[in-house]
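Chemist: model the following, please.
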Amino acid sequence: MDDIYDLRSIFLGKDSPVHDLIVSSLEGTPLEESAGSLAFAAGTFAVVNIVFLMLFFSQFAILWIERKAVARMNDRRGATTALRSLWVGENGVTAGEWWNMLPFGAGVPVGAVNRWLNKKFGNRDEKFATVDRVNNRSWMGYSIFPGFFQNVADGMKFLLKEHMVPRRADKLIFEVSPFLIVSSTLLILGIIPLSSGIYATNPDLSILYAIAIFGIAPIGVFFAGWSSNNKYTLIGGIRSAAQLTAYEIPLLLTLLSVAILSGTFNIIDSIHFQHSAGAWNLFLMPLGAALFLLTMIAEVERVPFDMPEAEAELVEGWWTEYGGMRFGMLFM
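Modeler: Reported below is the predicted structural model:
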């Protein structure tokens with residue numbers, strides 16, 4: 001399967017423009033014999049950083065969606081009316097009416113569900129102002145990506161905040177733990193392909209590599225809670241490490257089932273298997289897909305698997321003592 005956006009063919013390979021540029025630039029110099037190796041190193045560096053930036057900026061969309069949907073759906077004051085455009089409507093026109101305008105009645109079922117959700121969770125009859133009654137914030141007068149730039153502001157706020165280490169904390173482990181957790185995430189992102197030609201690296205046993213990396217995060221989480229010298233963070237760290245370790249078992253079973261079905265431990269080859277099979281693995285293994293979704297929610301400690309944080313009991317769980325950009329990295 002070829003992709004028109006084959007990033008690796010541009011930066012890697014003997015026929016790539018980057019290889020030709022570096023080889024021609026080093027011709028006649030003492031580094032001429034090492035031109036091929038230097039071109040490969042430069043191309044790999046460029047591909048890895050481009051893929052990382054693409055993944056990094058894509059997180060803003062996820063944060064925006066979660067901020068607007070998941071968080072508000074757990075809060076009756078906002079609920080589903082926090083979503084704009086196709087889910088809320090504007091200027092007195094509800095989203096249910098918008099869906100009904102689609103030709104051939106294609107949007108009628110969605111419109112009916114939307115009206116029901118709006119009636120149940122929209123709080124239209126409440127006296128206090130709700131999301132449904134208050135127009136969404138715009139940026140410079142434009143309503144494109146409402147709330148999107150709030151994520152940029154939050155990031156700048158974290159960067160400018162002071163980082164303070166608790167007085168009796170184990171400073172070395174306290175400082176190292178966030179980077180251990182974040183590095184495990186980045187190592188996983190490095191093997192996830194954005195397309196058949198856009199990926200940072202492609203080890204033959206990438207699924208086994210991912211399984212091994214999954215075991216790093218619980219260690220960092222436990223040490224982060226323990227090193228803070230706070231009984232609440234310690235309890236949160238123990239809870240979180242136990243939960244991450246426990247839910248890794250069904251998560252890894254779903255990964256292994258995909259590997260058995262596709263006959264390979266390579267992620268890209270597993271994706272290509274779906275093309276040759278004529279169906280996504282979601283339809284081939286629906287129970288496994290549902291189990292994978294549930295375990296992923298548990299791994300990120302979202303409702304109803306948020307016991308390690310338990311704001312009413314443990315403040316913010318194992319990361320209570322972290323501030324500044326370290327808290328921002330752990331939060332993301």
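Chemist: okay, now the unreliable bits of the protein?
Modeler: 1-8, 13, 55-107, 111, 114-115, 117-151, 302-303, 306-316, 332 (pLDDT under 70).
Chemist: domain map for it?
Modeler: Listed domain ranges for the chain are 7-62, 75-149, 161-331 (source: automatic domain parsing).
Chemist: in stretch 253-265, what counts as buried?
Modeler: 254, 255, 257, 258, 259, 261, 262, 264, 265 (16 or more other C-beta atoms under 10 Å). C-beta coordinates here come from the backbone N, C-alpha and C atoms, glycine included.
Chemist: what is the nearest of those to residue 283?
Modeler: Comparing these against residue 283 with C-beta to C-beta places residue 261 closest, at 11.8 Å.
Chemist: that closest one against residue 273, yeah?
Modeler: Yes - taking contacts as C-beta atoms under 8 Å, residue 261 lies within contact range of residue 273: 7.4 Å.
Chemist: which strand or helix spans the spatially closest residue to residue 26 that is not a sequence neighbour?
Modeler: Nearest residue to residue 26, sequence neighbours excluded (C-beta to C-beta, 6 or more residues apart in numbering): residue 35, at 4.4 Å. If you go by DSSP states H and E, residue 35 is part of helix 35-65.
Chemist: do the same with residue 328
Modeler: helix 324-331.
Chemist: same check, this time on residue 283
Modeler: Per DSSP H and E: helix 281-284 holds residue 283.
Chemist: would you mark the buried spots in that helix?
Modeler: So for helix 281-284, counting by 16+ other C-beta under 10 Å, buried means 281, 284.
Chemist: right, and the helix or strand after it?
Modeler: Past helix 281-284, the next helix or strand by DSSP H and E is helix 286-299.
Chemist: list of residues touching that next one?
Modeler: By C-beta atoms under 8 Å, 6 or more residues apart in numbering, the list of residues contacting helix 286-299 from outside reads 243-244, 247-248, 250-251, 253-254, 257-258, 281-282, 305.
Chemist: please name every helix or strand in contact with the helix holding residue 328.
Modeler: helix 148-160, helix 171-189 (3 or more C-beta pairs under 8 Å, 6 or more residues apart in numbering; DSSP states H and E).
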